[in-house]
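# take a look and give me a structure for this.
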Amino acid sequence: MERNSLLLRRRRLAFTLVEMLVVLGIIGLLAGLAFPAFSRAIQSAQSTKCASNLRTIGVAVSQAASDNDNQYPEISQMSSSPYPTGSAAKDLYDTLNAYGVTSNDLECPTDGKGPGSAYALYGSSYEWNPAFDDEVTVTPILFASPTVQIPVNSSRVHLCYDFNPIHNGRPNYLYGDGHVKAHQ
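Sure thing, here's the model as predicted:
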């Protein structure tokens, strides 16, 4: 009698095959629901790392400008140099390395290191191309002596950005005042 009650107790503690399959099915369903959330979290982390890289570049550019009479350094674009042949312009790494920018700071994690990535092609995931963003430009008025200079808000000048719109279809931009923003 005691042996039969021991077997009955063991059977009550064990899972049946159906119960085990139901538990595995629920776990699989929950994992399937959580996967997109993990994917979004990874994308968000990569975009944040990219923004951090651009902020590091912004700090270095600010330091370089303060060493150069508050003028941005001449940095050649990776895709096509805006400066004439014979210019002293160097790429981002060569110009900003003395100010603490490393090759890791020039690589967007979303861009990757594959053969077709901007980092592999140009040595940087970011393109230097200072331009005004939504700033109204006015032709300077010439007087008898000096030219009138129109001030430009540094928060409207974008300096550097992702080569490709790789953060949910948008590139990150570094602005002259140091803030980073994803563009439409």
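
# what's the spacing between residue 175 and residue 74?
Residue 175 sits 19 Å away from residue 74, going by C-beta to C-beta, to the nearest Å. For glycine as for every other residue, the C-beta is placed from the backbone atoms N, C-alpha and C.

# these two: who's more crowded?
Between residue 175 and residue 74, counting by other C-beta atoms under 10 Å, residue 175 is the more crowded of the two (20 against 15).

# who's in contact with that one?
Neighbouring residues of residue 175 by C-beta atoms under 8 Å, 6 or more residues apart in numbering: 58, 133, 154-159, 181.

# C-terminal to the longest helix along the chain, what's the next element?
When the chain is parsed with DSSP state H, its longest helix is helix 17-67. Per DSSP states H and E, the first helix or strand lying C-terminal to helix 17-67 is helix 92-96.

# got the buried residues for that next one?
By 16 or more other C-beta atoms under 10 Å, the buried positions in helix 92-96 come out as 92, 95-96.

# pLDDT at the residue nearest the centre of the chain, what is it?
Geometric centre of the chain, nearest residue: residue 50, 2.2 Å, by C-alpha atoms, centre = their mean. You'll see residue 50 listed with a pLDDT of 89.

# mind listing what the residue nearest to it when sequence neighbours are not counted touches?
Distances taken as C-beta to C-beta, 6 or more residues apart in numbering place residue 108 nearest to residue 50, at 4.4 Å, with adjacent residues excluded. By C-beta under 8 Å, 6+ apart, the contact set of residue 108 is 46, 49-50, 53, 118-119, 125-126, 162, 166, 172.
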